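In: 3D model of this:
(2 chains)
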Amino acid sequence: MPLEGLKGRKALVTGAASGIGSSIVERLKREGVDVVASEIPSAIRLEDLDEKTWSAVLAANLTTAFLVCREFAPRMKARGFGRIVNFASIAARRGSDRVGVHYAAAKGGIIGLTKTLALELGPHGITVNAIAPGFIRTPAHRGLRLGQRFTRLH
Amino acid sequence: MPKQVAIVAGGAKPDSIGHGVALRLLKEGMQVVVADLYEDGFASLPECACIRCDVVDPASVQRMVEKAVEKHKRIDVLVNCVGGSWGITRQDLVASPPPGFRGLTNCSLDDWRTIVAANLDSVFYCSRAAAPHLKKQGGAIVNVASVAARKGIPPGAEGSSGPYAVAKAGVMGLTRQLALELGPFGVRVNCVAPGVIASGRLKRVLGISKKDHGPEGSLKTIPMGRVGTVAECAALIVALCTDDTSYMTGVIVDANGASYAA
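Out: Numbers count the residues shown, from 1 in each chain, chains lettered A, B, ... in the order given. Predicted structure coming up:
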């Protein structure tokens, strides 16, 4: 059954080159949404944690969300309608030994940003939510060496 | 493929969240059984199989589930919508809310038992009775809690009670536990925690108190600046019943206009 109220809306999906993002674009198109996909190159690699890596991971996972929200909130406010969906992670909810603290911290930041923005933008008819996926079968997870455990989960 | 079968516990009262859920499940193409004490509401659901059931009585719940299986041969979905601080027993089904706020320190022991039974025991009984049938082919349970469980209820909120907030927090714990137990069988268990919803119950509360707060706190504290609708709440609950959310389980989803971002 098609989702209600999506037809004719415009959506911006960042990070849509592959994985979950590209699946979101496909589904939104099926729902009749006009999608503008902007692609952020995924340059995040899990290495020994130096400051440079830390900053890069925070920039890619947290600062981008801040910048995009700041850019588009005024237009949503002007129309009195908006739906912002951010991506957090199970790593932020309960920690993970698979991704490193930089990623977990950035995704924790997404949760704080989401809650605070929900309060700030709610009066303008804008809802702000975050999805915290567990391990999802995407190309990005190949590097995590989930191996047998991943297979077993499914 | 045979039609999926859903049981909605607590859905006969017009303008209730459960009523909205039943209608929305029909729209999704499911066969819907509504279990409720409020027989006067059965006529408002002609396309559902309505069964009289007292969800605080385990034997009554067992009979209801057996009747549902006898009629439809399977159960895929259970939605537990029974709840509230008043209008929840045989005696006061359509009563008006008692005046004042019944907190944990000033409610009667009867208040405590009645409210906890209707809001928490009922979820346990219904889930336990339906579980063997859900496990056969997999399915989904959705429980309805409340923002009251997240932040408590400010003393003074007309029509609500302390035991209600406690019982709804219990529903959240039950949801997580049941998700672990039923996960291996492909049965997902989730919970929706609504904020202030424009149900028939809220209208009755506002009707008598003439104040700006509903059972879950002042409307002025809702950042979205409005109460939620039954349809919005039902849409979310039904989404958790369908395969659109097939990898979600053990989750509590808040729908409260940002009045509490959990």
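In: give me the number of neighbouring residues for the residue in chain B that chain A sits nearest to.
Out: Chain B approaches chain A most closely through B:Pro223 (3.1 Å), counting by C-beta to the nearest C-beta. (Each C-beta comes from the backbone N, C-alpha and C, glycine too.) Residue neighbour count, defined by other C-beta atoms under 10 Å in any protein chain shown, stands at 19 for B:Pro223.
In: cool, A:Phe66 as well?
Out: A:Phe66 is flanked by 15 other residues according to other C-beta under 10 Å.
In: can you tell me the SS state at the closest residue to chain B within chain A?
Out: When scored by C-beta to the nearest C-beta, chain A has A:Gly122 as its residue closest to chain B, at 3.1 Å. Assigned with DSSP: H, G, I helix; E, B strand; the rest coil, A:Gly122 falls in the helix class.
In: and the pLDDT at the residue nearest to it when sequence neighbours are not counted?
Out: The shortest distance from A:Gly122 to any residue other than its chain neighbours is 3.1 Å, reached at B:Pro223 (C-beta to C-beta, 6 or more residues apart in numbering or on different chains). The model reports B:Pro223 with a pLDDT of 90.
In: how about B:Gly207?
Out: At B:Gly207 the predicted local confidence, pLDDT, stands at 68.
In: is A:Arg98 in a helix, a strand, or coil?
Out: When classified by three-state DSSP, A:Arg98 comes out as coil.
In: contacting residues around B:Arg188?
Out: By C-beta atoms under 8 Å, 6 or more residues apart in numbering or on different chains, B:Arg188 lies in contact with B:Gly139, B:Ala140, B:Ile141, B:Ala179, B:Leu182, B:Leu240, B:Thr245, B:Ser246, B:Met248, B:Thr249.
In: kindly report the residues of chain B close to chain A.
Out: Where chain B comes near chain A, counting by C-beta under 8 Å from any C-beta of the partner chain, the residues are B:27-29, B:222-225, B:235, B:242, B:247, B:257-258, B:261.
In: quick check: which ranges of the chain have low pLDDT?
Out: If you meant another chain, say so; for now it's chain A. Scanning chain A for pLDDT under 70 picks out the ranges A:1-4, A:35-48, A:139-154.
In: wrong one, chain B
Out: Applying pLDDT under 70 to chain B flags residues B:207-219.
In: for the most centrally placed residue in chain B, which non-adjacent residue is closest in space?
Out: Among the residues of chain B, B:Cys81 comes closest to the average C-alpha position under C-alpha atoms, centre = their mean, at 1.8 Å. Closest residue to B:Cys81 apart from its sequence neighbours, by C-beta to C-beta, 6+ apart: B:Gly18 at 3.3 Å.
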